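Asker: this one's structure only:
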C-alpha cells in the first residue's frame with residue numbers, strides 16, 4: 001500500500017458573533033483613541049491613535065479564519081489559518097486512536113460523549129459532511145467537529161475500523 005496524503009481547506013462562515021466582536025474591537029479602539037487625544041493632545045496623541053488603529057485592525061483581520069485538514073497516512077493534522085497569512089496547529093492525532101467518528105446528526109452514537117468539551121474546526125454550519133470525532137487532546141477526551149470531503153473521509157476510513165468511523169449515506 002502506498003502513502004496517503006490528502007488535504008482540504010475550509011473557510012469559516014461569518015456569523016453574528018464575529019460581527020459583534022468586530023464592533024466591540026472598533027468601539028474600544030475609538031474610545032481609547034478619544035481618551036488618548038484628550039489626555040495627550042491632538043499632536044502627541046496621533047501616534048498612539050495610529051498604534052491603537054493598527055492593533056484593532058490586526059484583531060479584526062484575525063477574525064478571518066480558515067481550517068486546513070491534512071491526512072498523511074494515518075495522521076490527521078488540523079491547522080487554523082488567520083487572514084490567509086498565519087497558521088497555527090490546533091490538532092494532530094492518529095486516526096486509529098479516535099474513539100469514534102460519526103455524522104453530527106448521529107445523536108445515538110454521540111450520546112455517550114455528551115459532556116465532553118467540544119472544539120469546532122468547521123465552517124460553522126451543519127451540513128451533510130459535518131462530522132464529529134472523539135480524540136484525546138492534552139490528555140482529555142474532546143469532541144472535535146470537522147467538515148471532511150469524501151477524499152479526506154476515505155483516507156481516514158482506511159486507518160479507522162468500520163466500528164469507529166460511521167459514514168453517513170448520501171441522502172438525495
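Answerer: Looks like it arrived, so ask away. Every value quoted in this text rests on a predicted model; they were computed, and no experiment measured them. Numbers count the residues shown, from 1 in each chain.
Asker: show me where the chain has helices.
Answerer: Using DSSP state H, the helices assigned to the chain run over residues 16-40, 42-61, 107-110, 150-159.
Asker: closest one to residue 75 among those helices?
Answerer: Comparing those by their distance to residue 75 (C-beta to C-beta), the top pick is helix 150-159, with 8.7 Å. (C-beta placed from N, C-alpha, C; glycine too.)
Asker: how far out from the middle of the chain is that closest one?
Answerer: Average the C-alpha atoms of helix 150-159, do the same for its chain, and the two points are 20 Å apart (C-alpha atoms, centre = their mean, to the nearest Å).
Asker: cool, stretch 59-73 as well?
Answerer: Using C-alpha atoms, centre = their mean, the mean C-alpha position of stretch 59-73 is found 6 Å from that of the whole chain.
Asker: report the helix or strand with the lowest average pLDDT across this protein.
Answerer: Taking mean pLDDT, DSSP states H and E as the measure, the helices and strands of the chain show their lowest mean at strand 165-166, namely a mean of 81.
Asker: that strand pairs with which strands, parallel or anti?
Answerer: If you go by DSSP bridges, strand 165-166 pairs up with strand 100-103 (parallel).
Asker: mean confidence (pLDDT) on the strand it pairs with, please.
Answerer: Strand 100-103 shows a mean pLDDT of 90.
Asker: pLDDT wise, what is the closest residue to residue 28 other than its chain neighbours at?
Answerer: In this structure, residue 28 finds its nearest non-sequential neighbour in residue 56, 7.5 Å apart by C-beta to C-beta, 6 or more residues apart in numbering. Note for residue 56: predicted pLDDT of 95.
Asker: my guess is residue 56 contacts residue 29. True?
Answerer: Yes. With contact defined as C-beta atoms under 8 Å, residue 56 and residue 29 form a contacting pair (3.7 Å).
Asker: for the most centrally placed residue in the chain, grab phi and psi.
Answerer: To find the centre residue of the chain, average its C-alpha atoms and take the closest one (C-alpha atoms, centre = their mean): that gives residue 121, at 2.9 Å. Reported as degrees, to the nearest 10, the phi and psi values for residue 121 are phi -110, psi 40.
Asker: that one against residue 81, yeah?
Answerer: No. With the criterion set as C-beta under 8 Å, residue 121 and residue 81 do not qualify as a contacting pair; they are 11.1 Å apart.
Asker: for the helices of the chain, which one sits closest to residue 71?
Answerer: Nearest of the helices of the chain to residue 71, taken as C-beta to C-beta: helix 150-159 at 4.2 Å.
Asker: how about residues contacting that closest one?
Answerer: Contacts of helix 150-159 from elsewhere in the structure, counted by C-beta atoms under 8 Å, 6 or more residues apart in numbering, are 4, 6-8, 69, 71, 73-74, 76, 94-96, 101, 129, 131, 148, 165, 167.
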